[in-house]
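Undergrad: I would like the atomic coordinates for the input below:
(chains A and B)
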Amino acid sequence: MATCTGCALLCDDIEAIVENNRIKETRNACRRGAARMKGCVNRLVPSIDQKPTDIESSIRKTVEIIKNARSPMLFGLDNSTCEAQAKGIRLAKKLNAVIDDTSSFCQGLLIERILQKKLRTCSLDDIRNKADVLVYWGSDAQDSQPRHLSRFSYFPRGESRQRGYEEDRKAIAIDVRESNTAKICKGHFYRIPLKGDREFILALIEALSGKVPAYDTKKMLELAGILKKAEFGAVFVGIGLTYSIKEDFDILTALAEKLPNFNIMPMVGHYNMRGFNEALFKETGFVNRVKLEPKAVHDNKYSIMESLIRKNTDAIIVVGSDPMISLPRPVLTYLASIPVICIDPCISMTSKIAAVTIPCAATCMESGGTAIRMDGKVISLSKIITSEYMPDEEIMDRLMEAI
Amino acid sequence: MVTVMELYQLLPRTNCKKCGESTCMAFAVALLGRKKNVAECTPLLEANFKPQKEKLESLLLPTAGAEETGLIVHPELCTGCGNCVVACPVDVANDPHGAGMGCAPTNEKVIFKVVDGKVMASNIKECRRFGKSKVLCYACIDPCPTGAIEFV
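TA: Predicted coordinates:
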C-alpha cells in the first residue's frame, strides 16, 4: 500500500503497480492523485542562470547567494516531509532568515486558531464514524480533495452512521457558486453573494439565538433548525470563507460557540501544509510569517506578499512551491529580479525564472518520511521507487553543512 | 443521452410490423434497450430512408460500449472521486469493511473500482439492474456530480 500526496487527505490505501522502476498503474487513487503518483512529465535539471550544471555546483552557488544576501527568505516546504520541514526551519534559524509558506495566503489564520485551541476540531475518522450534519463552507471538496466525501465525510458508513448518506447524514453547501460539492448537497445549497459570508454568519448567529434574522429569514431559520438538531456536526472551512472573513476572523469563533456539537475542519490544499504550520508553531508559537533572528519575530511584513511589495527580500529559496503561479502579477516583477533558488522535482514557472535550480526526489514515490493530514493525524509515507535524486531533507542537510 | 422519442421520429412510423414488433414506437424502445438493431427495420434500408438510418446509427453509437445492464462510464468526465464505489448498495453489501466504509475495496465482488484515476465497472451481473428481479437503481448516478455514469 502506498500513500498519495496529491492533497492533504493523504490517502494511504493506494495500490501502485511498479514496472521498470516506474509507476505503471494506480488503484483507488483519484485522478489528481494518479497523475501525481505517475511523476512529472518534465523533470527539473540542476542549473545556474538557466545553464545546465551538476547538483554539487548548484548547491555551491546556492550557498554563495544566501551567504551574501542581506535578508534571505525561505518559502514553501508545504510539499515536503515533516523531517525536511524541521531541517528547513533549522536552516532558516542559522541564516537569520524570514520563513513563510503558502498558508500565509491560504488557511494559516484558521490553522493558527485551531492550534491555539480557540476552535474545536476533531479527526476525519470521527467524522466518518459519528457525523450527521456536514457543512461545506466556501469549499469545493469534491474537486479540491476528490476523495473527501467518499472516504471520510458524506458517503461512507461509519460506526454510528450505518445507513450512510441516504438516511443518516445531511450535507449542506454554502458557497458563491454551485460547485460540484453543492450539486451533491442538492436541497441544502445556500448561495451567498461574493464577500457575503460575514453577513450570513451574523444572521445565522441571530437565528441560532432564537431571534428572527433580517437576512433571508426563511432559509436562515431552516438552516439553524438543521444545525441545532445535529448530534455531531462538522464545518469544513474552505479558502472561500477564510478569505472572505480574514479581517474579522473572530466571528467564526462566535459562531462555533453557538454550535456546541460542531467541529471545525480546515480544508488544506498542499499535502503537508498543516505539518509546516505545526512544526513552526511548536518552534516559535506562530504558524507562518516569521523572522528567525534567531529569536522568532512574527509580523505581517514577513509574509511573502509584503516582503515582495516592500522589496525587503534580496534572495529567496523556494522549496516545492510555485509562487510565480500563486502570487499576483504586480509582485512577480520584483520576484523575477532577485536571485531565486528553486528546489522542486518538476519544472515549474518558478524554476523558469530561478537563478539556481536543484532537482529533488518526489516525496512518497522516490523518498519516504512522515506528513500531517488536514486533521492533524501523522501519516507515514513510504518509498515506492528508487531515484538518483536527493530528497528535500538531504538537500537541507547539505545546505546546512555548507553554511 | 438519446431518448425513445428521438429514435421514433427517425423511424418510418408506418407500423408495418416487419421487424416483429407491433408498432414503430415498440421498435424504438427495443432499439434503445439494445434488443433490436437498426438493420431489422427493413423499410429503413431503402434508399429514401438513408439519412434517417445514418442519423439513427450515430445516435445509438454511444450506447455501443454499454455493459449488459446498460451502464456506461465516460472516462473523460470521471474524476475518480470514488463516490459511486462507496454509494453502490451492492459494493456495501459485498464489502462492508472496505468499500462500504470509504476505504479501498478488499475483495473482487465489488462492481466499481478506481483504476488510474478513473472508475471501471466489473462484476456487472451483481448490479441491481440485472437479472429477473431487477430494480431501477440510481445509487451510482446520483452521487456523481460530473455525470460520468449513465444507463441506457
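
Undergrad: around chain A, which positions in chain B sit nearby?
TA: B:78-83, B:85-87, B:92, B:96, B:100-105, B:113-118, B:143, B:145-146 (CB under 8 Å from any CB of the partner chain). Using the backbone N, CA and C atoms, a C-beta is placed for each residue, glycine as well.

Undergrad: quickly find the element holding B:V119.
TA: Secondary structure assignment for B:V119, by DSSP states H and E: strand B:118-121.

Undergrad: okay, buried residues for that strand please.
TA: B:K118, B:V119, B:A121 (16 or more other CB atoms under 10 Å in any protein chain shown).

Undergrad: and the second one, how far from A:S307?
TA: With distances defined as CB to CB, to the nearest Å, the gap from B:V119 to A:S307 amounts to 45 Å.

Undergrad: which of the buried residues of strand B:118-121 sits closest to chain A?
TA: Among the buried residues of strand B:118-121, B:K118 lies closest to chain A (CB to the nearest CB), at 6.7 Å.

Undergrad: my read: the closest one touches B:L77, true?
TA: No. In this structure B:K118 lies outside contact range of B:L77 using CB atoms under 8 Å: 9.4 Å.

Undergrad: ignoring the adjacent residues along the chain, who's closest to residue 94?
TA: The chain I'm using is chain A. A:I403 (6.0 Å; CB to CB, 6 or more residues apart in numbering or on different chains).

Undergrad: look at chain B instead
TA: Nearest residue to B:N94, sequence neighbours excluded (CB to CB, 6+ apart): B:K109, at 3.8 Å.

Undergrad: my guess is that neighbour contacts B:E126. True?
TA: Yes. B:K109 is within contact range of B:E126, at 6.8 Å (criterion: CB under 8 Å).

Undergrad: overlap of the contact sets of these two?
TA: B:N94 (CB atoms under 8 Å, 6 or more residues apart in numbering or on different chains).

Undergrad: go ahead and measure how far stretch A:319-339 is from the middle of the chain.
TA: Distance, stretch centre to chain centre, for stretch A:319-339: 18 Å (CA atoms, centre = their mean, to the nearest Å).

Undergrad: domain parsing for the chain?
TA: Since you didn't name a chain, this refers to chain A. A:42-102+A:271-363+A:390-402, A:108-266 (automatic domain parsing).

Undergrad: hmm, I had chain B in mind actually
TA: Following automatic domain parsing, chain B resolves into domains at B:4-65, B:71-151.

Undergrad: quick check: which of these is buried the most?
TA: Of all the domains of chain B, domain B:71-151 carries the top mean neighbour count, a mean of 19, counting by mean count of other CB atoms under 10 Å in any protein chain shown.

Undergrad: give me the three-state assignment for A:Y136.
TA: strand (DSSP: H, G, I helix; E, B strand; the rest coil).

Undergrad: now do the same contact list for it.
TA: A:A171, A:I172, A:A173, A:I174, A:D175, A:T181, A:A182, A:C185, A:F236, A:G238.

Undergrad: hey, what's it bridged with?
TA: Counting by DSSP bridges, A:Y136 is bridged to A:A173, A:F236.

Undergrad: now residue 13: closest residue in space, sequence neighbours ignored.
TA: The chain I'm using is chain A. Leaving aside its sequence neighbours, A:D13 sits nearest to B:A104 (CB to CB, 6+ apart; 3.8 Å).

Undergrad: the chain in question should be chain B.
TA: B:C24 (5.0 Å).

Undergrad: give me the pLDDT value at that neighbour.
TA: Predicted confidence (pLDDT) for B:C24: 90.

Undergrad: what sits against A:L292?
TA: A:L292 neighbours (CB under 8 Å, 6+ apart): A:I89, A:A92, A:K93, A:N96, A:A97, A:V98, A:I99, A:T284.

Undergrad: repeat that for A:G6.
TA: A:A29, A:C30, A:R32, A:G33, A:A35, A:R36, A:M37, A:Y271.

Undergrad: then B:D91?
TA: By CB under 8 Å, 6+ apart, the neighbours of B:D91 are B:V85, B:A99, B:G100, B:P105, B:V110, B:I111, B:F112.

Undergrad: want to throw those into TSV with distance to A:M220?
TA: Converted to TSV, those look like this (distance: CB to CB, whole Å):
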residue	distance to A:M220
B:V85	36
B:A99	38
B:G100	36
B:P105	41
B:V110	42
B:I111	41
B:F112	38
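
Undergrad: average pLDDT across the longest helix along chain B?
TA: In chain B, with assignment by DSSP state H, the single longest helix is helix B:50-60. Mean per-residue pLDDT for helix B:50-60: 83.

Undergrad: confidence score at residue 30?
TA: Answering for chain A, as no chain was given. pLDDT at A:C30 comes out at 94.

Undergrad: oops, I was thinking of chain B
TA: 85.

Undergrad: please apply the same query to B:T63.
TA: 68.
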